Every structure is written in structure tokens, then in C-alpha cells.
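K.L.:
Task: produce atomic coordinates for the following.
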Amino acid sequence: MVVESAAEDDGMMVVSARSAAERRPCPLCGRFSGRVHSRYVRTIADLPCAGRKVRLRLTARRFVCEATSCRRRIFGERFEDKVVAERSRRTSRLECLVHHLGLALGGRPAAGFAKRLMVPVSNDTLLRVVRKRAKLPEAPLNVIGIDDWAWRRNHRYGSIVCDLEQRRIVALLPDREIATVHAWLAGHPQIAVVSRDRGGGYGEAATKALPDAVQVADRWHLMENASSAFLDAVRKSMRSIQTAIGAATINPDLLTCAEKLQYEGYLRREEMNAVIAGLASDSVPIKEIVRRTGHSRKLVRQVIRGERTDVFRIRQSSLEAHMPMLDDMWNAGCRNGAELWQRLQVKGFRGSLRVVGEWATCRRRAERASDQQLRRVPSARTIAHLMTTARDHLSRSDTVTMAAIEAGVPMLVEARSL
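P.N.:
Numbers count the residues shown, from 1 in each chain. Below you'll find the model as predicted:
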């Protein structure tokens with residue numbers, strides 16, 4: 001290294017330096033190049049000097065690789081690891097000090113001691129350095145999980161392999177082709193369990209490479225399948241739910257304008273559903289029902305399965321991300337919609353006053369649970385969500401509604417347990 005200048009700036013020593021080497025090797029092909037493309041400055045923290053912080057301004061160069069067969073046309077200058085590691089913001093000797101502080105004192109105590117040493121680092125940084133330098137034991141693979149990941153979404157995908165016992169990444173494969181996965185799995189015959197998605201590619205590769213290994217569905221797909229099955233059970237039970245909570249008939253005088261429009265559409269759907277259900281009860285094939293009624297095959301199947309019985313549709317609200325904050329302010333005694341809206345704006349809410357005002361009105365009605373309110377049946381998705389939510393997190397009216405549903409439709413309670 002060649003030191004070009006040293007100056008003091010606001011109580012901090014700034015040292016400008018550069019590499020003395022005229023040629024640098026390409027990190028990909030190893031060929032030396034002296035053709036400079038451009039320069040840039042790296043700001044590196046160094047050990048303190050005389051009670052003052054030290055910043056090292058390294059002028060790094062970009063070189064042009066002159067090898068015609070090399071894929072990397074331009075590469076950045078690498079310094080020796082004993083000076084500063086690649087992409088590091090601390091010199092190697094400062095990194096070593098941070099590492100030993102983290103080993104000796106841990107996270108927060110080491111951060112306080114490092115501040116007194118004029119080496120300000122956070123407790124998270126200290127623990128991160130310790131983890132990075134720790135050498136994990138190379139235990140044999142027994143249970144792995146394999147799935148795809150995107151180099152570039154919808155264009156190029158690779159495969160990721162994780163050790164599910166030690167919770168760490170084992171390998172990143174360049175693609176998700178069966179031959180690539182098969183070659184990697186064949187090199188690890190000790191694997192006993194393979195967790196994968198429902199795609200056939202990974203299953204075929206695992207069957208060929210590890211015929212004795214057990215293949216299981218991963219946790220996310222198990223939860224997704226269970227949630228879809230429970231939602232389907234709720235949709236098929238909507239008529240029983242309406243009867244259970246006394247909503248077989250709805251009083252239009254209690255509905256808002258938007259709910260009246262939805263209720264009128266529901267009545268029209270009920271007439272169509274009755275026609276389709278009557279034809280299905282007479283053992284008319286689905287293809288013939290489609291021809292007679294003019295509706296799509298998908299719609300006819302939904303009606304026969306009992307999936308088109310929702311009265312009101314619940315939209316996703318812009319307040320979803322701010323619900324915990326709203327609940328806290330409401331429980332603290334703030335019940336005015338305008339005041340709630342002003343407080344939310346300070347916290348970053350970009351919605352209108354009308355949205356918050358309607359939420360406050362619905363919250364007041366929810367706290368006055370009555371038989372008239374129980375007559376409004378939520379959507380199937382909302383019911384599935386409320387039935388799988390802890391009772392401590394439900395409002396009073398939602399709790400009463402769920403109790404009525406569980407008492408009137410015990411089949412859903414069994415489905416939820418399953």
C-alpha cells in the first residue's frame with residue numbers, strides 16, 4: 001500500500017491510500033491485467049489512533065480482463081486479506097478485534113466496551129462477525145429440504161438445498177433440472193428424508209437417486225393444503241351457518257347501501273342456484289346443465305358443491321397494517337374517528353378520514369352485540385379466519401358469532417381440529 005495523504009477531519013484521522021501493484025489478477029480466470037477501466041473509493045474503518053477514530057480511503061481500480069475466453073470483462077481490484085477483505089468495511093486487524101470482543105463479552109456488553117475503545121459497533125454486528133467466523137461442524141446430511149428459488153423471477157430459477165436438522169443452507173444449484181438435482185442427490189447417499197414441494201421434478205430426481213429415502217411434503221404446502229380444505233368445508237356449510245346464527249332471513253332495513261346491492265345480487269344468485277340444484281337433484285349431468293342454463297362449467301360445479309352461498313363480500317381494508325395500533329388507541333379511550341385518523345397520519349397512514357370513520361362506527365356496533373347484528377353473515381373466508389383465531393383476539397360480536405356457529409355446526413369444529 002502507498003499512503004498518499006493523511007489529514008484530520010472533525011476529530012477523525014482520514015488516511016488516503018492506494019495499492020502499489022500495477023497489475024492485478026482476474027478473480028475468474030486468474031490472468032493479470034494492467035488496463036485500468038476506472039477508479040472508485042472505498043471507505044474503510046481502521047483501529048483508533050491516539051484516541052481518535054481512523055478512516056482509510058482506499059482508491060480501488062477496475063481493470064479490463066483481456067482474456068477473450070473469460071466471461072468477466074471488468075473486475076474490481078482485490079486487496080490482500082490481511083489488509084482488507086473483499087466487500088468489507090473494516091480492515092482485517094479491526095475485524096479481528098471485533099471478533100475477539102464478541103467472543104469474550106458477547107453482544108451488548110462488547111458493544112459498550114467497544115464504544116469506549118473508539119470502535120463503535122452494534123451488538124448485532126458483533127454477533128454477526130462471530131457467526132461468520134465460526135466453523136460449523138460438517139455433520140452428515142440426514143434430513144434435507146429442496147425447493148426452487150429465482151435468479152430472476154419468471155425467467156431463470158435455481159434450486160436450494162437446506163439441512164433441516166441444523167437449519168442452514170447446504171447448496172445452491174444453478175437450475176431446477178431433474179439431471180442437476182439427481183447428480184447432487186446421488187453424491188449424498190446417506191440422506192434419509194427429502195422434504196419437497198408438490199412438483200414432480202424433484203420427486204422424480206429423489207426417486208432415482210435415493211430410492212430408499214422417504215419423501216415428505218414441506219411445511220408450507222401442508223399448511224396451505226389444510227387451510228384450503230378448511231375454507232372449502234366452511235363454504236359448503238354456509239346454509240347451515242346462516243340457520244345457526246339466525247340469518248336465514250335478512251331484514252333489508254338494517255343494511256347499508258352497499259350491503260343492499262350485494263343482497264339483491266345474492267337473491268338473484270339464489271334463484272339461479274335453485275334451478276341448477278334442481279337439475280342436479282334430477283341426476284342431470286353437468287354438461288347438460290351447462291347447455292340448458294348457459295352458465296359456465298366452473299360456475300355449475302361451484303353451485304353443486306355449495307360454494308356460492310356467501311351473502312356479503314368483505315374487501316381487504318387499507319387499515320389492516322395499522323389494526324394493532326388502532327386497537328391500542330381504542331382501548332386507551334380514543335373513540336373519535338377524526339382524532340384516530342390524525343394519529344394514524346403521524347404514523348404513516350395514507351388513507352382517508354372516511355375509512356377510519358367507518359371503522360370506528362363498525363367498532364362501536366361490534367361492542368353492542370345484538371341479535372340484529374348476528375343476522376349479518378360474514379363471508380366464508382372471514383368465518384374461516386375467525387374460527388382459527390384465538391378468542392382473546394376477537395371482538396365481542398365476533399366471539400358471539402363464532403360461539404353460535406360452533407354450537408349450530410359441530411362439523412366445522414371437527415374440521416378445524418383436524
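
K.L.:
all contacts plus neighbour counts: C-alpha atoms, from now on.
P.N.:
Noted.

K.L.:
Okay, strands next: where are they in the chain?
P.N.:
Per DSSP state E, the chain carries strands over the ranges 2-9, 12-18, 24-25, 32-33, 36-49, 52-64, 74-76, 143-152, 156-163, 168-173, 193-196, 214-217.

K.L.:
taking those strands together, which one is wrapped up most tightly?
P.N.:
Highest mean neighbour count among the strands of the chain (mean count of other C-alpha atoms under 10 Å): strand 193-196, with a mean of 22.

K.L.:
Off-centre distance for that one?
P.N.:
Computed by C-alpha atoms, centre = their mean, to the nearest Å, the chain-centroid distance of strand 193-196 equals 21 Å.

K.L.:
Quick one: residues in contact with it.
P.N.:
Strand 193-196 has contacts (C-alpha atoms under 8 Å, 6 or more residues apart in numbering) with 142-147, 202-203, 206, 213-218.

K.L.:
again, only using 7 Å
P.N.:
Residues from elsewhere that reach strand 193-196, judged by C-alpha atoms under 7 Å, 6 or more residues apart in numbering: 142-147, 202, 213-218.

K.L.:
tell me the mean pLDDT for it?
P.N.:
Mean pLDDT, computed over strand 193-196, is 93.

K.L.:
Return the helix or strand in this protein with minimum mean pLDDT.
P.N.:
None of the helices or strands of the chain scores lower by mean pLDDT, DSSP states H and E than helix 371-374, at a mean of 50.

K.L.:
ok, back up a step: how about a markdown table for the strands of the chain, with distance to residue 280 added?
P.N.:
Putting those into a markdown table (distance: least, C-alpha to C-alpha, whole Å) gives the following:
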| stretch | distance to residue 280 |
| --- | --- |
| strand 2-9 | 85 |
| strand 12-18 | 83 |
| strand 24-25 | 76 |
| strand 32-33 | 79 |
| strand 36-49 | 74 |
| strand 52-64 | 74 |
| strand 74-76 | 69 |
| strand 143-152 | 42 |
| strand 156-163 | 45 |
| strand 168-173 | 51 |
| strand 193-196 | 40 |
| strand 214-217 | 36 |
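
K.L.:
Among those, single out whichever gets nearest to residue 88.
P.N.:
strand 36-49 (7.7 Å; C-alpha to C-alpha).

K.L.:
quick one: the closest one to strand 12-18, angle?
P.N.:
140 degrees (axes from the mean of the first three to the mean of the last three C-alpha atoms, to 10 degrees).

K.L.:
What is strand 36-49 packed up against?
P.N.:
strand 52-64 (3 or more C-alpha pairs under 7 Å, 6 or more residues apart in numbering; DSSP states H and E).

K.L.:
Taking strand 2-9 as reference, get the angle to the strand it packs on.
P.N.:
Relative orientation of strand 52-64 and strand 2-9, computed by the same axes, to 10 degrees: 140 degrees.

K.L.:
which other residues reach strand 52-64?
P.N.:
Contacts with strand 52-64, where a contact means C-alpha under 7 Å, 6+ apart, come from 11-18, 33-48, 73-77, 118.

K.L.:
just for this structure, where's the confidence low?
P.N.:
Low-confidence segments of the chain (pLDDT under 70): 135-137, 246-259, 306-317, 365-376.

K.L.:
Okay, buried residues for the longest helix anywhere in it please.
P.N.:
When the chain is parsed with DSSP state H, its longest helix is helix 257-281. Of the residues in helix 257-281, 259, 262-263, 266, 269-270, 272-273, 276-277, 279-280 count as buried by neighbour count, 16 or more other C-alpha atoms under 10 Å.

K.L.:
chain center to it, what's the gap?
P.N.:
That offset, for helix 257-281, works out to 38 Å (C-alpha atoms, centre = their mean).

K.L.:
what's the span of stretch 41-61 from first residue to last?
P.N.:
With C-alpha to C-alpha, to the nearest Å as the measure, stretch 41-61 spans 9 Å from end to end.

K.L.:
from the middle of its chain, how far away would that stretch be?
P.N.:
Stretch 41-61 sits 38 Å away from the centroid of its parent chain (C-alpha atoms, centre = their mean).

K.L.:
go on, stretch 397-404?
P.N.:
Relative to its parent chain, stretch 397-404 has a centroid offset of 31 Å by C-alpha atoms, centre = their mean.

K.L.:
could you list every residue that touches residue 192?
P.N.:
142-143, 213-214.

K.L.:
coming back round to it: between the strands of the chain, which gets nearest to residue 379?
P.N.:
Smallest distance to residue 379 across the strands of the chain (C-alpha to C-alpha): 30.0 Å, for strand 214-217.

K.L.:
what pairs with that closest one, and is each one parallel or antiparallel?
P.N.:
Strand 214-217 has the following strand partners under DSSP bridges: strand 193-196 (parallel).

K.L.:
Which positions within stretch 342-352 qualify as buried?
P.N.:
Going by neighbour count (16+ other C-alpha under 10 Å), the buried part of stretch 342-352 is residue 344.

K.L.:
With just CA atoms, put it into PDB.
P.N.:
The C-alpha coordinates for stretch 342-352 follow below in PDB (Å, rounded to 0.1, in the frame of the first residue of the first chain):
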ATOM      1  CA  GLN A 342     -54.900  12.300  12.700                       C
ATOM      2  CA  ARG A 343     -52.800  10.000  15.000                       C
ATOM      3  CA  LEU A 344     -52.600   7.400  12.200                       C
ATOM      4  CA  GLN A 345     -51.300  10.000   9.800                       C
ATOM      5  CA  VAL A 346     -48.400  10.700  12.100                       C
ATOM      6  CA  LYS A 347     -47.600   7.000  12.000                       C
ATOM      7  CA  GLY A 348     -47.500   6.900   8.200                       C
ATOM      8  CA  PHE A 349     -51.200   6.100   7.300                       C
ATOM      9  CA  ARG A 350     -52.100   7.400   3.800                       C
ATOM     10  CA  GLY A 351     -55.800   6.600   3.800                       C
ATOM     11  CA  SER A 352     -58.800   8.900   4.000                       C
END
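
K.L.:
Please give the centre-to-centre distance between it and its chain.
P.N.:
Here stretch 342-352 is found 25 Å from its chain centre; the criterion is C-alpha atoms, centre = their mean.
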